[in-house]
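> Model the following, please.
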Amino acid sequence: MNENPAHSFVDSLPRLRHPDGMPIRALVVDDEASLAELVSLGLRMVGWDVSVAADGDAAIRLARERRPDVLVLDVMMPGIDGVEALGRIRAFAPDVPALFLTARDAVPDRIAGLAAGADDYVTKPFSLEEVMLRLHRLVQRSGAAAADSSTLVVGDLTLNLDTREVIRAGEDIQLTTTQFKLLRFLMENPRRVVSKAQILDRVWDYDFGGQANVVELYISYLRKKIDVDREPMIHTVRGAGYVIKPAN
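So this is what the prediction gives:
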């Protein structure tokens, strides 16, 4: 089977998260819905928690509520533009890194954007891969999170990618290869609902075609090993999929 280029790129990115296992929070602001959705989709694929706003007023409100780790701001928007929105957000979140998206590519415009406080600048049309790489670097430089290439942590559950050890509350858990891949995918997306189709695509490497029963079967295997006699971490979201999160 041919490798999916999108998956190959996503898999090559470092998995960033907060030390407590919570996902990186991003705020994407663009009045072009298709562009905002494109960037949001890419960031969600790597497990980030993404909020979207279509104008500066909504961006300021969401930034105050969600306290994002990084901002993606379109410069030209109706009402409050990206430059002014960033200035207002920096009044209560002075350290949040920001990347500007704009159709303007003249040098004076870039200088104006950077002078306004942006940490990086990408012109439209842009490469999604470039934007994602730049955002990863901004988050890493900000100190909000760091890449851990070997260990995933959700609550009291840890998974080591190098040794393939899985431990919950100090107890070793033995998993088959497929069970390990499934748990890894869940733990790379903590607190995020993943669908059966997404699981099939990432764990079994084929598109959804009615084999939902195999996902249900392997989820049940994991529950017997991860959640047995403990507070459950793997939850079913009816009609949507599954989510893993720290036990209450």
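
> alpha carbons only for contacts and neighbour counts from here, please
Fine.

> Do you know the pLDDT at the residue of the chain positioned farthest from its centre?
Centroid-distance maximum for the chain: residue 108 at 32.8 Å, with C-alpha atoms, centre = their mean. pLDDT for residue 108: 70.

> how about the spatially most central residue of the chain, what does it touch?
Nearest to the geometric centre of the chain sits residue 48, at 1.5 Å (C-alpha atoms, centre = their mean). Contact analysis of residue 48 by C-alpha atoms under 8 Å, 6 or more residues apart in numbering lists 23, 24, 25, 26, 189.

> Bridge partners for the first one, pull those for me.
Looking back up the chat, that one is residue 23. Under DSSP bridges, the beta-bridge partners of residue 23 are residue 17.

> hmm, back to that, mind picking the two most distant members of the contacts of residue 48?
Using C-alpha to C-alpha, those reach their maximum pairwise distance at 26 and 189, which is 14.6 Å.

> which residue ranges form the helices in the protein?
Assigned by DSSP state H, the chain shows helices spanning 5-12, 33-45, 56-66, 82-92, 107-115, 128-142, 177-187, 196-199, 212-226.

> Out of the ones you listed, name the one with the poorest average pLDDT.
helix 5-12 (a mean of 57).

> burial measure for residue 72, as a count.
By other C-alpha atoms under 10 Å, 27 other residues sit near residue 72.

> looking at it, it is touching residue 35, isn't it?
No - in this structure residue 72 lies outside contact range of residue 35 using C-alpha atoms under 8 Å: 11.1 Å.

> Would you format the helices of the chain as a markdown table with distance to residue 150 included?
Putting the helices of the chain into a markdown table (distance: least, C-alpha to C-alpha, whole Å) gives the following:
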| stretch | distance to residue 150 |
| --- | --- |
| helix 5-12 | 14 |
| helix 33-45 | 19 |
| helix 56-66 | 29 |
| helix 82-92 | 34 |
| helix 107-115 | 35 |
| helix 128-142 | 17 |
| helix 177-187 | 11 |
| helix 196-199 | 21 |
| helix 212-226 | 20 |
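
> List the contacts of the spatially closest residue to residue 131 that is not a sequence neighbour.
With C-alpha to C-alpha, 6 or more residues apart in numbering as the criterion, residue 131 has its nearest non-adjacent residue at 7.3 Å, and that residue is residue 122. Shown in contact with residue 122 (C-alpha under 8 Å, 6+ apart): 99, 100, 101, 102, 131.

> Now do the nearest residue to residue 92 once chain neighbours are set aside against residue 89, distance only.
Once flanking residues are discounted, residue 92 sits nearest to residue 64: 7.7 Å by C-alpha to C-alpha, 6+ apart. For residue 64, the distance to residue 89 equals 8 Å [C-alpha to C-alpha, to the nearest Å].

> more neighbours, those two?
Under the criterion of other C-alpha under 10 Å, the comparison of residue 64 against residue 89 puts residue 89 first, with 21 against 13.

> burial count for the spatially closest residue to that one that is not a sequence neighbour?
Closest residue in space to residue 89, ignoring its immediate chain neighbours: residue 60 at 5.9 Å, by C-alpha to C-alpha, 6+ apart. A total of 23 residues lie near residue 60 under the criterion other C-alpha under 10 Å.
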